[in-house]
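**Student:** I would like to see how this sequence folds:
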Amino acid sequence: MSEKAPVRRILCILLILVSVPALLLFPAIRLSGERAEIFRANVNREVSDALDVTKDALLHDDSFDREAIAAAGVDLREERIAPFFDAVSKELECVTDCELSPADLLRTTLLAQKAMPTVEKLSATPATEGLCVSLGIDPAVSQYLTYGRYASWGLIAYEALLGLIVLCALGSILFSVFKRSKVFDALLLIFECILVLPFVGGTVAGNLFLASIDMQEKLRLLPGWFAIGAIAAVIVVLILKATLPKKAKN
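**Tutor:** Residues are numbered from 1 along each chain as shown. Prediction:
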């Protein structure tokens, strides 16, 4: 066995150990520019105000049929509503700071999935229309019934993609120790690219929109360099394993 082979294997393991946390935990897209802080503050204020109004309506507004909604299995008591809105507020802070990481998005998808059974129950009663009017939004039950299933599948697909990335990383580490195979490394690279491409696309589309309204000089979206570095780390792993001597398989 080549004397350099153990060093290369250790380096492969270290690169994988760095790649996945860098991809999942650090922002994949962020807002920058001279008006970025003002934009963040405005978004946070508007979201906080909207949550407060919604929470107050759910707890105290009597313009909709509360009994019908309760009969549908939706609990609007304060001890159920307040903790949920606290959780929503906390998670939205991770999104409205304009630095979105895949982990932030994961927590948001889990929260959305938690709310979906309640929305399903609400869709079963006409009283929901009165509730939507009370909240100052148009009734959206029919739209939810049309697109809710696709949204649910999308959330599950996203969570499955993150799970596959973690599993492939574990497989890559194990194969780096015992074998020369690059199967898990190649799969990890593919799944990481699938995850990063929508963020890159969102960055490009967002900047085109900002340019169309003459705001790109004051606000601009930047890609997360940690995410791009994570992909580069896996490419380096593939190159290193390609240079391992074949007899190192054993």
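
**Student:** now the strands for this protein?
**Tutor:** Here the chain has its strands, by DSSP state E, at 29-32, 99-100, 220-223.

**Student:** and Val196, which of these is closest to it?
**Tutor:** Smallest distance to Val196 across the strands of the chain (CB to CB): 8.4 Å, for strand 220-223. Where C-beta positions appear, they are placed from N, C-alpha and C, glycine not excepted.

**Student:** which helices and strands does the closest one pack with?
**Tutor:** Using 3 or more CB pairs under 8 Å, 6 or more residues apart in numbering; DSSP states H and E as the contact criterion, the elements in contact with strand 220-223 are strand 29-32, helix 183-212.

**Student:** So what are the sheet partners of the shortest one and their directions?
**Tutor:** Strand 29-32 sits in its sheet next to strand 99-100 (antiparallel), strand 220-223 (antiparallel), going by DSSP bridges.

**Student:** List of residues touching the last one?
**Tutor:** Read that as strand 220-223. Outside of strand 220-223, the residues that reach it under the criterion CB atoms under 8 Å, 6 or more residues apart in numbering are 28-33, 199-200, 202-203, 206-207, 210.

**Student:** what's the closest non-adjacent residue to the most centrally placed residue in the chain?
**Tutor:** For the chain, the residue whose C-alpha lies nearest the mean C-alpha position (CA atoms, centre = their mean) is Leu105; its distance is 1.8 Å. Setting aside the residues directly before and after it, Leu105 is nearest to Tyr158 in space (CB to CB, 6 or more residues apart in numbering), at 7.2 Å.

**Student:** Surely that neighbour touches Arg107?
**Tutor:** No: counting by CB atoms under 8 Å, Arg107 is not a contact partner of Tyr158; they are 11.6 Å apart.

**Student:** all helices for this structure, in order.
**Tutor:** Along the chain, the segments classed as helices by DSSP state H run 5-25, 36-60, 66-71, 78-96, 102-122, 127-134, 141-178, 183-212, 225-242.

**Student:** Mind giving me the packing neighbours of the fifth one?
**Tutor:** Read that as helix 102-122. Judged by 3+ CB pairs under 8 Å, 6+ apart, helix 102-122 is in contact with helix 5-25, helix 78-96, helix 141-178.

**Student:** before we move on, back to that, mark which of the contacts of strand 220-223 are buried, thanks.
**Tutor:** Neighbour counting with 16 or more other CB atoms under 10 Å marks Ala28, Ile29, Arg30, Leu31, Gly33, Phe199, Val200, Thr203, Gly206, Asn207, Leu210 as buried within the contacts of strand 220-223.

**Student:** where's the second one relative to Phe175, distance?
**Tutor:** Relative to Phe175, Ile29 is positioned 31 Å away (criterion: CB to CB, to the nearest Å).
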